[in-house]
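Structure for this input, please:
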Amino acid sequence: MSATPAVTTTPPNKKPTTSGAVLVAAGIFLSRVLGLVRTRFLAGVLGQSPAADAFNVAFRIPNLLQNLFGEGALSASFIPIYARLVRDADEEEAGRLAGAVAGILALVVAAIVLVGVLFTPQITAVIAPGLNAPEKAGERALTIQLMRILFPGAALLALSAWCLGILNSHRRFFLSYASPVMWNLAMIAALIAYRHGDPGHVALIIAWASVVGSALQFVVQLPAVLRLARRLRLSLDIHRATVREVIKNFIPAFVGRGVTQISAFIDIAIASALPATMLGLIGYAQNLYMLPVSLFGISVSASELAEMSHVDEQSGDAHAAMLRARLDAGLRRIAFFVVPSAVAFLALGGVLVALLFENRRFGPDATQITWAIVAGSAVGLLASTMGRLYSSTFYVLRDTRTPLRFALLRVVLNAALGSLCALVLPRALGLSATWGAAGLTAASGVAAWVEFTLLRNALNARLGRTGVPAPFVATLWACALGAAAVAWGVKLLLSGAGPLFGGTIIIAAYGAVYFATTSALAVPESRAVLARARRLL
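A predicted model of the protein is given here:
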């Protein structure tokens, strides 16, 4: 029998890395923690108000371009090809590719910003039709002002995504994901300085601070990028083979990510028909339930996209086996952290929301509704995070069209189920219309499970069986539910404690019991985390 050709996973001058996801998670953790701090200040200043609604709608613009170009289309199309050139030590072609992508990206984003600023009223009418109601005229006017301010900052965030692609390809994971710290710090500084101002006026100041923070986020990455891409040549050269390949892969990936963003805007359109202040509460909830998606879904999928792209495809069977092994290991890591996150959102969401947001302008009633929204997001949390890793594996295979098809189906399902659960079912069941916001996030979760199932089945047909063993997942759910029961006991004991002190103790107890039980049951991921913590200490 002939020997199976070896699979070269790294260039000769590079050592393989096993900590890419850890570095990505560390960077995301820093930026997300500051994001939660920013949201806490935001809740203290804007509270449950029309200004919070307007800010949440307008703030989707920088999120839109960052998601389209950052963790989506640009990474999917640019990193596999640029990382291959880095692997082969072809600095000249890598520099020319990076320069051409930068030039084309800057031109495209400038055009998007121009159109956005010129047609902001029309865009607002489309993405938030509920604001066209006469009683929401002031809220609509503020949304238009905020959106016009935020568009240029969104362009800078898109250029930051180009930096992310280069840094990740060179395995410099931490800086690219920690750089949003600058963005958050700029807004936190503005919130502290103007925390006693009128909510509408403060919202405008925060928008300008966001633009400043976007510039800082780009600038802080640029020196490292210029050191790594030493042959960088800015151009608009669309005739090079590598550039054409990036563009070819970019278009379906862009449409696919755009479809996902359309789904988010459909949620806004539906939510805008709910009672006033629901849009703001959805925004606060999103900052909480996106934390595990970012920390565990994006961290693992982003690092694996870069690592898998460095593999030399010398043997089809060996390459498929490597992809399966890395995919399955990544899925286990995601499940280990996301399962307890989902249980915490369901069982302890009120504790988390009160701990993070409750203040004189964000009272117990707002906490209860926000908890319901967060609990609804738990339905699809595991599917959303694992689906990102499956999509990244398709991108490594240079297939951006399969994820696109499934994303289109997800949008259709999300629109239909979201309208049903947010607008029809509460009325049919005799519930307050405010609970439609929870139905909206739950409907998105159901659509996420459909998309995830299709992605997994399609990839299994190409690579062989992948996924997380059912006994492993059952163990995680059992440990998380047991930890939640203990945490509820602690909550009853501390019934008179304030949200800050009591919430901290309750969440600490939940995490401690989960790690203790999973470690006692010899879950490898738990023991690995505890071993790493001991080394750090």
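
rest of the way, CA atoms for contacts and neighbours
Noted.

and Ala422, that's in a strand?
No: according to DSSP: H, G, I helix; E, B strand; the rest coil, Ala422 belongs to no strand; its state is helix.

any idea what sits nearest it, other than its immediate chain neighbours?
Gly436 (3.7 Å; C-alpha to C-alpha, 6 or more residues apart in numbering).

ok, that neighbour - how many residues close by?
30 (other C-alpha atoms under 10 Å).

isn't it right up against Ser419?
No: applying C-alpha atoms under 8 Å as the test, Gly436 and Ser419 come out as separate, 9.1 Å apart.

picking that back up, need the contact list for the residue nearest to Ala422.
Applying C-alpha atoms under 8 Å, 6 or more residues apart in numbering, we find Gly436 in contact with Leu274, Cys421, Ala422, Leu423, Leu425, Pro426.

Give me the buried entries from those.
Leu274, Cys421, Ala422, Leu423, Leu425, Pro426 (16 or more other C-alpha atoms under 10 Å).

Pick out the most distant pair among those.
Taking C-alpha to C-alpha, the two most distant members of those are Leu274 and Leu425; they sit 12.9 Å apart.

For the helix or strand hosting Leu481, name the packing helices and strands.
Taking DSSP states H and E as the definition, Leu481 sits inside helix 470-493. Using 3 or more C-alpha pairs under 8 Å, 6 or more residues apart in numbering; DSSP states H and E as the contact test, the elements touching helix 470-493 are helix 316-357, helix 499-520.

so which of those helices is the most packed in?
helix 316-357 (a mean of 21; mean count of other C-alpha atoms under 10 Å).

Which is the succeeding secondary structure element to it?
In N-to-C order, the element after helix 316-357 by DSSP H and E is helix 364-377.

Can I get that next one as PDB, trimmed to CA atoms?
Taking C-alpha atoms only, helix 364-377 is exported to PDB below (Å, rounded to 0.1, in the frame of the first residue of the first chain):
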ATOM      1  CA  PRO A 364     -37.800  46.400  36.900                       C
ATOM      2  CA  ASP A 365     -40.500  46.500  34.200                       C
ATOM      3  CA  ALA A 366     -37.900  47.100  31.500                       C
ATOM      4  CA  THR A 367     -35.800  44.300  33.100                       C
ATOM      5  CA  GLN A 368     -38.600  41.800  32.800                       C
ATOM      6  CA  ILE A 369     -39.300  42.600  29.100                       C
ATOM      7  CA  THR A 370     -35.600  42.500  28.200                       C
ATOM      8  CA  TRP A 371     -35.300  39.200  30.000                       C
ATOM      9  CA  ALA A 372     -38.100  37.800  27.800                       C
ATOM     10  CA  ILE A 373     -36.200  39.000  24.700                       C
ATOM     11  CA  VAL A 374     -33.000  37.500  25.900                       C
ATOM     12  CA  ALA A 375     -34.700  34.200  26.700                       C
ATOM     13  CA  GLY A 376     -36.200  34.100  23.200                       C
ATOM     14  CA  SER A 377     -32.700  34.400  21.800                       C
END
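
residues in contact with it?
Contacts for helix 364-377 (C-alpha under 8 Å, 6+ apart): 48, 281-282, 284-286, 288-289, 342, 345-346, 349-350, 353-354, 357-358, 434-435, 437-445.

which of those count as buried?
Counted by 16+ other C-alpha under 10 Å, those give 48, 281-282, 284-286, 288-289, 342, 345-346, 349-350, 353-354, 357-358, 434-435, 437-445 as buried.

what about Cys176, helix or strand, and which?
Just so we're on the same page, residue 176 is Ser rather than Cys. Going by DSSP H and E, Ser176 is in helix 173-178.

pLDDT of stretch 369-379, averaged?
Mean per-residue pLDDT for stretch 369-379: 92.

same question, stretch 321-337
90.

before we move on, what about stretch 26-42?
Per-residue scores along stretch 26-42 average to 81.

Could I get the buried residue list for it?
26-32, 34-42.

And the lowest mean pLDDT element among the helices and strands of this structure?
Least confident helix or strand, the chain: helix 60-69 with a mean of 66, by mean pLDDT, DSSP states H and E.

What is the subsequent helix or strand relative to it?
helix 73-87.

Any buried residues in the next helix or strand after that next one, and which?
Downstream of helix 73-87, the next assigned helix or strand under DSSP H and E is helix 91-118. Residues of helix 91-118 classed as buried by neighbour count (16+ other C-alpha under 10 Å): 91, 93-106, 109-110, 112-113, 116-117.

Distance-wise, check the nearest residue to Pro499 once chain neighbours are set aside relative to Val225.
Nearest non-adjacent residue to Pro499, counting by C-alpha to C-alpha, 6+ apart: Leu355, 5.1 Å away. Distance, Leu355 to Val225, by C-alpha to C-alpha, to the nearest Å: 39 Å.

repeat for Leu463
On the measure of C-alpha to C-alpha, Leu463 and Val225 end up 34 Å apart.

more neighbours, the two?
Higher neighbour count among Leu463 and Val225: Val225, with 20 against 16, using other C-alpha under 10 Å.

Surely the more buried one is in contact with Ile166?
Yes: checked against C-alpha under 8 Å, the pair Val225 and Ile166 is within contact range at 6.6 Å.

ok, back up a step: could the contacts of Gly436 go into JSON lines alongside pLDDT and distance to Thr504?
Listed next are the contacts of Gly436 as JSON lines, based on pLDDT from 0 to 100; distance: C-alpha to C-alpha, whole Å:
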{"residue": "Leu274", "pLDDT": "83", "distance to Thr504": "32"}
{"residue": "Cys421", "pLDDT": "92", "distance to Thr504": "33"}
{"residue": "Ala422", "pLDDT": "90", "distance to Thr504": "32"}
{"residue": "Leu423", "pLDDT": "90", "distance to Thr504": "35"}
{"residue": "Leu425", "pLDDT": "91", "distance to Thr504": "35"}
{"residue": "Pro426", "pLDDT": "90", "distance to Thr504": "33"}
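
nearest to Ala321, of the residues you listed?
Cys421 (41.7 Å).

what sits against Leu413?
Leu413 neighbours (C-alpha under 8 Å, 6+ apart): Ala447.

and if we set it to 10 Å?
Ser263, Ala407, Ser419, Ala443, Ser444, Val446, Ala447, Ala448, Val450, Glu451 (C-alpha atoms under 10 Å, 6 or more residues apart in numbering).

What of Leu352?
Contacts of Leu352 by C-alpha under 10 Å, 6+ apart are 288, 344-345, 358, 367, 371, 374, 499-500, 503-504, 506-507.

what's the spacing between it and Tyr289?
According to C-alpha to C-alpha, Leu352 stands 11 Å off from Tyr289.

Would you mind listing the residues touching both of those two?
Residues touching both Leu352 and Tyr289 by C-alpha under 10 Å, 6+ apart: Phe345, Val374.

Perfect, that will be all.
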